[in-house]
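>>> model the following, please.
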Amino acid sequence: MSNSESSIASASDLGVFATIKRGISVTPEIVTGIWVTLLLAIVASAGKITVPMAVQRALDSIASSGADGVEVRDIAAVSLFALGALAIAGLCTAALNVRLFRSTEAGLAHLREKAFSHIHQLTVLTQNTERKGALVSRVTSDVDTVSLFVQWGGIMLVTSLLQLIAASIVMFFYSWQLALLVWATFIPFVIALQPAQKGVNRAFTQVRSRMGAMLGAVSEAVVGASTISAYGIGDRTQSKIDAAAIAHRDSAITAAKKVAVSFSGGAFAANLVLVIVVIAGAYLGVAGEISLGSLVAFLFLVQLFTGPVQLATEILNEMQNAVAGWRRVLAILETPIDVTSPAESAHAVASGPAHLIVENIDFAYPAGPKVLDNVSLNIAPGQRVAIVGETGSGKTTLAKLITRFSDPRAGRILLDGLDLRDHSEEDLRRRILLVPQEGFLFADTIFNNVAYPLRAHGMQSHMELEERVRGALHALELERWLATFPAGWDTHVGQRGDKLSAGERQLIALARAYVCEADLLVMDEVTSAVDPATEVAIARALDVLMTNKSTVTIAHRLSTAQNSDVVVVMDAGVVVEVGNHSELLAAQGRYSQMYAAWIAQTHNA
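Numbering: from 1, shown residues only. Modelled structure (predicted):
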């Protein structure tokens with residue numbers, strides 16, 4: 001059993017090539033048909049070598065024959081051959097780009113899907129170790145950096161490497177002395193490039209991290225816009241966003257400086273080798289070691305050689321940016337899933353009001369003290385149980401464990417005699433449903449919000465969906481309320497339901513809960529933040545919703561406890577009293593004190 005919740009690392013600690021290897025293993029679609037792609041790259045690179053060869057043939061023919069003896073037909077034939085080779089190379093390059101784009105998009109779409117799916121399998125506690133905006137950044141912009149590199153940098157890296165090899169082979173054919181000189185000039189540059197690339201890698205890792213932090217700050221400000229406006233803290237919020245944006249800007253500038261130095265070094269080395277080849281070639285030409293045509297062809301080959309080397313510095317810089325993004329996505333996939341379920345329940349799961357037993361459970365948040373200590377409960381089928389206690393008493397944490405959003409550190413929770421850990425995810429979510437204090441609505445219609453779980457469970461027939469949704473609205477007596485909207489259930493609720501009141505959002509959430517037909521409802525008191533008129537409708541809907549079900553309610557108002565079959569009183573993570581309302585009042589214990597305080601507060605109000 002896990003002793004601590006996992007946290008999402010800022011980035012994987014794999015090296016550059018280990019990151020690429022791991023990334024490809026996670027999304028093998030990226031290298032689908034790689035041998036065909038390489039063959040196209042070889043043909044594309046080989047085509048470029050024909051131009052220097054045609055130039056050499058033409059110049060040497062003119063130099064040896066004079067103007068009157070030149071075989072124009074031969075030169076034309078060689079030129080046409082080079083032109084045809086370039087045309088084939090162009091077609092291969094186009095085909096290469098299309099193949100690479102298709103395989104890359106397929107692989108990166110799969111990577112996004114896996115990352116998104118993994119995030120949803122993590123516990124809420126683990127998800128909360130990273131800001132939501134930063135998580136979104138990992139699945140979107142960080143994957144985009146990988147996409148840009150593989151689609152542009154990947155193809156350029158492959159073709160540049162093949163072009164460099166082909167140019168080197170032909171250079172040795174024309175003049176081994178000059179070819180060795182070219183390599184002797186570039187080897188020190190390549191050696192010096194390695195530490196520079198490490199610095200670029202660190203710089204881009206910081207860029208990706210600060211991009212995530214900036215998006216996290218922006219998304220937080222957008223979601224909390226009404227709170228920011230209500231408390232007049234717009235300037236303070238703007239300052240936080242500005243600071244995040246400036247931090248990202250500074251890291252991006254630092255990375256750009258390192259890239260500029262690296263690229264300038266490549267440009268200097270390319271120009272230096274060209275000057276050296278011209279001087280050395282002139283000496284070899286005077287000595288009769290190389291013909292004019294061969295020297296000019298060699299200079300063309302040097303351009304074909306230095307172009308990839310210069311481009312390689314830019315590609316490697318982009319690769320560092322992509323690797324930094326890849327590491328952040330892989331860090332999500334490397335985060336352990338603390339709550340796992342078997343594919344099938346240990347034995348057949350019945351339907352009907354659930355019997356829940358909580359046996360001696362302990363729980364503590366990471367690096368914190370116990371918030372639940374040896375808690376035990378026995379909730380009979382069909383019972384309505386209210387859990388009460390001061391803020392921080394552990395009642396909400398207990399609700400999370402009952403719904404298995406986390407697992408206890410010790411003890412166990414049984415649903416109809418079977419440990420929650422032995423239920424399949426599908427069976428558990430079908431039987432236990434959490435109804436939060438404020439129902440979350442999707443930016444869609446009322447109908448689709450109510451029908452959402454039905455679609456998720458594979459019900460595709462619109463007629464079936466309409467029947468279930470209509471049945472829920474009728475059972476909960478919400479038809480008259482729905483009729484107040486001109487568009488009825490086709491009314492769009494807005495982002496997070498912001499076109500509706502808090503009470504109306506809750507009514508839709510209750511209808512959604514009704515269609516799920518769960519056997520155990522765990523509710524964070526849903527009437528604690530609504531107007532009195534809507535509260536009546538919600539109370540009526542709740543009464544219908546809880547019929548023939550076991551219910552556990554986190555009660556913020558003791559009127560809820562008063563109407564429950566059993567009241568569980570918690571204090572500092574411990575169950576201190578259990579009984580019905582009358583029994584607990586007669587016991588003159590903690591509940592009696594809370595009730596007296598609540599009555600006094602109600603009367604004063």
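
>>> gap between the longest helix along the chain and the chain center?
Ranked by number of residues, the top helix in the chain under DSSP state H is helix 234-286. On the basis of CA atoms, centre = their mean, to the nearest Å, helix 234-286 sits 30 Å off its chain's mean C-alpha point.

>>> swap in stretch 339-356?
So, by CA atoms, centre = their mean, the centroid of stretch 339-356 is 30 Å from its chain's centroid.

>>> what comes into contact with that stretch?
121, 123, 377-382, 402, 404-407, 413-419, 421-425, 427-428, 431-432, 519-520, 548-550, 552 (CB atoms under 8 Å, 6 or more residues apart in numbering). Every C-beta, even on glycine, is put in place using the N, C-alpha and C of the backbone.

>>> repeat that for stretch 420-434.
Where contact means CB under 8 Å, 6+ apart, the residues beyond stretch 420-434 that reach it are 341-346, 349, 351, 354, 399, 402-405, 407, 412-415, 457, 513, 516, 518-524.

>>> in strands only, show me these.
The members of those that map onto strands under DSSP state E are 412-415, 520-524.

>>> out of these, which is nearest to Pro453?
Nearest to Pro453 among the ones in strands among the contacts of stretch 420-434: Leu521, at 13.7 Å, using CB to CB.

>>> wait, what's in contact with the closest one?
Contacts were defined as CB under 8 Å, 6+ apart; by that measure Leu521 touches 433, 435, 513, 545-546, 549-552.

>>> now it: how far from Ala513?
From Leu521 over to Ala513 the distance is 7 Å, taken as CB to CB, to the nearest Å.

>>> can you give me the helices for the stretch 401-550 of the chain?
Ranges of helices in the stretch 401-550 of the chain, per DSSP state H, counting those that start in this stretch, are 425-431, 446-456, 462-475, 479-482, 502-516, 532-545.

>>> now do the stretch 1-150 of the chain
Under DSSP H, counting those that start in this stretch, the stretch 1-150 of the chain gives helices at 16-26, 34-65, 72-121, 124-127, 132-139, 141-148.

>>> right, and these - which one's nearest Val278?
Ranking the helices of the stretch 1-150 of the chain by distance to Val278, with CB to CB as the measure, places helix 34-65 first at 15.4 Å.

>>> and the angle from that closest one to helix 72-121?
160 degrees (axes from the mean of the first three to the mean of the last three CA atoms, to 10 degrees).

>>> that older thread, what subset of the contacts of stretch 339-356 is buried?
Buried residues within these, defined by neighbour count using 16 or more other CB atoms under 10 Å: 123, 377, 379, 382, 402, 404, 406-407, 413-416, 418, 421-423, 427-428, 431-432, 519-520, 549-550, 552.

>>> buried ones in stretch 298-310?
298-302, 304-310.

>>> what's the spacing between Arg540 and Gly417?
Going from Arg540 to Gly417 by CB to CB gives 34 Å.

>>> can you check Ile599 too?
Ile599 sits at a distance of 40 Å from Gly417 (criterion: CB to CB).

>>> cool, Asp571 as well?
Distance from Asp571 to Gly417, by CB to CB: 29 Å.

>>> ditto for Glu344
Going from Glu344 to Gly417 by CB to CB gives 17 Å.

>>> which residue lies nearest the spatial centre of the protein?
In the chain, the residue lying closest to the centroid (CA atoms, centre = their mean) is Val139, at 2.8 Å.

>>> now it: closest residue in space that isn't a chain neighbour?
Nearest non-adjacent residue to Val139, counting by CB to CB, 6 or more residues apart in numbering: Ala115, 5.0 Å away.

>>> swap in Lys499?
Nearest residue to Lys499, sequence neighbours excluded (CB to CB, 6+ apart): Val493, at 5.6 Å.

>>> in the stretch 351-500 of the chain, which ranges drop under the pLDDT threshold?
Where the stretch 351-500 of the chain drops to pLDDT under 70, the residues are 456-460.
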